[in-house]
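Asks: The sequence and its predicted three-dimensional model are supplied below.
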Amino acid sequence: MRFVHDTLPQRVCFGSGEAAVHLAAQAAELGATRIMLIAAKPETQLADTIAGVLPVALRHDDVVMHVPVEVAERAREAAVANRIDALVSVGGGSTTGLAKAVAMTTGLPIIAVPTTYAGSEATPVWGLTEGAKKTTGVDVMVLPRVIVYDATLTMSLPVDMSVASGLNALAHCVDSLWGPNADPINAAFAAEGIRSLSEGLPRVVADPMDLGGREHALYAAYLSAAAFASAGSGLHHKICHVLGGKYNLPHAQTHATVLPYVLAFNAPAAPDAERRIAAAFGSASAIDGLVELKQELNAPHALADYGFTEDSIAEAAAAILPSVPASNPRPVTAADLERLLRAAQAGTDPRTAFK
Ligand code: NAD
């Protein structure tokens, strides 16, 4: 075994019903006196329940998915104009993403309070969009200093969004097994993430108020993102990145839909990953485990449902091809990508898509 693994400098506070207490203590430890509280309009009420005792100097709710550059610029100007000394974000990946965009140019520390399972809070990856082009990069400056996880804040996340977001986390786990910097530490996180998601998500679907199910999903969201942050983007993320940016497809649902096809394509050439994923699901094979979980969750299954049309397949494949990571367990041609996208667009059974 030979590897080099960076562990990211970040504190994780986890406790259901404890966000307000953790937030107050962590903000005090950072010496924050003028906080910018970032929460999208639908999350404002959630933020109010936990931010009461913080020294909030500015509330900001101008949040847009994929962080358009003009939205980032407005938030940065507001932070500077209000002499902000710390950022607190309460919300999903879009809200965390805006806090990261502000931190990137101001150097302000972030305390992130996630309310979905997207996992952005545990990565140093930023994303900005200009027109239809999404640009991402890695900068440790945008890594939140502290994450405050409180599963009670995810209770209001609708079941369909919880499922899609949880499968976004599952995609981080699976893709980190063959990402460019895959290593045994990431793999251990990923396997535990898959196990915990496959326990938590069915419980959330059966009863959205099942706090234990939500805790399993949230704990897994952290593991998945930490694995992904270290391993880097594999084939799955490269595909979803192009689909999200170029065709404006919804982030979590796109990940949830595409993942089984990437797994079905790569697993035969990645026996270690295949074994680990199957063991984590407790299933006969990795793809069986994923397909069975998705059926149980009534999860998104066809890109056509989100407006991706057959006539975009060739163009999308051509756009993805140059970014296919050299680390992918098997070579990828434009024809492979077209086949994969055709199956994902139609939602055909991934187990037969490459036979
Ligand atoms: P999101 O943040 O846009 O949230 C989706 C919807 O759920 C929104 O309408 C939001 O208002 C609502 N919502 C969030 N929490 C809720 C709650 N507790 N109760 C009720 N409604 C709630 O979506 P997302 O999937 O969390 O994040 C997607 C974005 O995050 C994308 O832009 C993606 O690129 C980014 N992302 C970045 C990274 C990274 O490492 N940089 C990782 C994952 C995702």
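Replies: Right, received. Where do you want to start?
Asks: contacts and neighbour counts: CA atoms only from here.
Replies: Noted.
Asks: How about the residues of the stretch 101-250 of the chain by the ligand?
Replies: Taking CA under 6 Å from any ligand atom as the contact definition, the stretch 101-250 of the chain meets the ligand at 115-116, 118-120, 123, 125-126, 153-154, 156-157, 165.
Asks: Would you show me how to pick out the buried ones of these in PyMOL?
Replies: Here is the PyMOL command that selects the buried residues among those (16 or more other CA atoms under 10 Å):
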select buried, resi 115+116+118+119+120+123+125+126+153+154+157+165
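Asks: Narrow the residues of the stretch 101-250 of the chain next to the ligand to those in helices?
Replies: Here DSSP state H is the test, and those give residue 165 as lying in helices.
Asks: Any chance of CSV for the residues of the stretch 101-250 of the chain next to the ligand, columns pLDDT?
Replies: Formatted as CSV, these follow (pLDDT from 0 to 100):
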residue, pLDDT
115, 98
116, 98
118, 96
119, 97
120, 97
123, 97
125, 95
126, 96
153, 98
154, 98
156, 96
157, 97
165, 98
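Asks: Just the residues of the stretch 101-250 of the chain next to the ligand: which are in strands?
Replies: 125, 126 (DSSP state E).
Asks: Confirm residue 13 sits in a strand?
Replies: Yes. Secondary structure of residue 13 (DSSP: H, G, I helix; E, B strand; the rest coil): part of a strand.
Asks: roughly how far apart are it and residue 19?
Replies: 8 Å (CA to CA, to the nearest Å).
Asks: longest helix of this protein?
Replies: helix 184-206.
Asks: for it, the distance to its chain's centre please.
Replies: Here helix 184-206 is found 14 Å from its chain centre; the criterion is CA atoms, centre = their mean, to the nearest Å.
Asks: in the stretch 201-350 of the chain, which spans are helices?
Replies: Along the stretch 201-350 of the chain, counting by DSSP state H, counting those that start in this stretch, helices occupy 211-231, 235-247, 251-266, 271-281, 286-297, 313-320, 334-346.
Asks: Can you name every helix or strand that the longest one contacts?
Replies: Meaning helix 211-231. With contacts taken as 3 or more CA pairs under 8 Å, 6 or more residues apart in numbering; DSSP states H and E, helix 211-231 sits against helix 159-175, helix 184-206.
Asks: then that helix to CSV, C-alphas only?
Replies: Output of helix 211-231 as CSV, limited to C-alpha atoms (Å, rounded to 0.1, in the frame of the first residue of the first chain):
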residue,chain,number,x,y,z
LEU,A,211,-34.6,11.5,13.0
GLY,A,212,-32.3,8.5,13.1
GLY,A,213,-32.7,8.0,9.3
ARG,A,214,-31.9,11.7,8.7
GLU,A,215,-28.8,11.4,11.0
HIS,A,216,-27.5,8.4,9.0
ALA,A,217,-28.0,10.4,5.7
LEU,A,218,-26.3,13.5,7.1
TYR,A,219,-23.4,11.6,8.6
ALA,A,220,-23.0,9.9,5.2
ALA,A,221,-23.1,13.2,3.4
TYR,A,222,-20.1,14.3,5.3
LEU,A,223,-18.1,11.1,4.7
SER,A,224,-19.1,11.1,1.0
ALA,A,225,-17.9,14.7,0.5
ALA,A,226,-14.7,14.2,2.5
ALA,A,227,-13.9,11.2,0.2
PHE,A,228,-14.8,13.1,-2.9
ALA,A,229,-12.8,16.2,-1.8
SER,A,230,-9.7,14.0,-1.5
ALA,A,231,-10.2,11.7,-4.5
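Asks: Report the angle between that helix and helix 159-175.
Replies: Following axes from the mean of the first three to the mean of the last three CA atoms, to 10 degrees, one obtains 40 degrees for the angle between helix 211-231 and helix 159-175.
Asks: Equivalent analysis for the third one, please.
Replies: Taking the same axes, to 10 degrees, helix 251-266 and helix 159-175 form an angle of 40 degrees between their directions.
Asks: before we move on, what about the fourth one?
Replies: Between the direction of helix 271-281 and that of helix 159-175, the angle (the same axes, to 10 degrees) works out to 140 degrees.
Asks: ok so, going back, between residue 13 and residue 19, who's got more neighbours?
Replies: residue 19 (24 against 16; other CA atoms under 10 Å).
Asks: Switch the helices and strands packed on helix 211-231 over to CSV; also include distance to residue 51.
Replies: CSV is the format used below for the helices and strands packed on helix 211-231 (distance: least, CA to CA, whole Å):
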stretch, distance to residue 51
helix 159-175, 24
helix 184-206, 26
